[in-house]
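Undergrad: can't give you the sequence, but here's the structure:
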């Protein structure tokens, strides 16, 4: 009986910690040059640098569109890393937590370079940048998504709180 109660308490604590850990992470986005504007999975445009809280993902991706001041646009998926601690705890104690809280986290640092067609990311500020170039399929998927978002905004005539329409303006 004691063992069963202990097991239930341990599972409850593990689930709570996994869910808290998987809720959101503050991520710093920066541009390789001044004037880079980022749209992330349909959020309004934001001028970089910017800190955002992004949640963990069990399924799906964060699509992005980055535009440089020179007009070059980069579409793709944010690279995510697997959180081994959350995954191991979930497998050992309560597997559904993997899908409730997620086990793929954003990296704490991203740098977008639309002119070079690259996204850089790292775990710690002192680390070296890791490079990623979106594949053609990733770019096309993100472009289709953002084109649909732009079209819906224009056809509905929605202006919102963004000057010039849904994605033409920049939040500063």
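TA: It's in. All figures in this text were calculated on a predicted structure; none of them were measured in a lab.

Undergrad: So what's the residue count around residue 36?
TA: Residue 36 sits with 26 neighbouring residues when counted by other C-beta atoms under 10 Å. In this view, the C-beta of every residue, glycine as well, is placed from N, C-alpha and C.

Undergrad: What separation is there between the residue nearest to it when sequence neighbours are not counted and residue 81?
TA: Take residue 36 and drop its neighbours on the chain: the residue closest to it by C-beta to C-beta, 6 or more residues apart in numbering is residue 48, 4.7 Å away. Taking C-beta to C-beta, to the nearest Å as the criterion, residue 48 is separated from residue 81 by 21 Å.

Undergrad: Next: residue 67.
TA: Note on residue 67: its distance to residue 81, by C-beta to C-beta, is 26 Å.

Undergrad: helix/strand/coil for residue 148?
TA: Of the three states, residue 148 takes helix under DSSP: H, G, I helix; E, B strand; the rest coil.

Undergrad: Looking at the residue nearest to residue 36 now. What's its pLDDT?
TA: What the model reports for residue 48 is a pLDDT of 95.

Undergrad: By mean pLDDT, which helix or strand of this protein comes out lowest?
TA: helix 97-101 (a mean of 50; mean pLDDT, DSSP states H and E).

Undergrad: tally of neighbours for residue 123?
TA: When counting by other C-beta under 10 Å, one arrives at 12 neighbours for residue 123.

Undergrad: Ramachandran angles for it?
TA: When read as degrees, to the nearest 10, the backbone of residue 123 gives phi -80, psi -40.

Undergrad: quick one: the strands in this protein?
TA: Secondary structure of the chain by DSSP state E: the strands cover 25-31, 37-40, 46-47, 50-54, 63-67, 73-77, 80-82, 104-106, 109-113, 118-122, 130-132.

Undergrad: if you compare these, which one is most tucked away?
TA: For these, average neighbour numbers computed from mean count of other C-beta atoms under 10 Å are highest in strand 63-67, which has a mean of 24.
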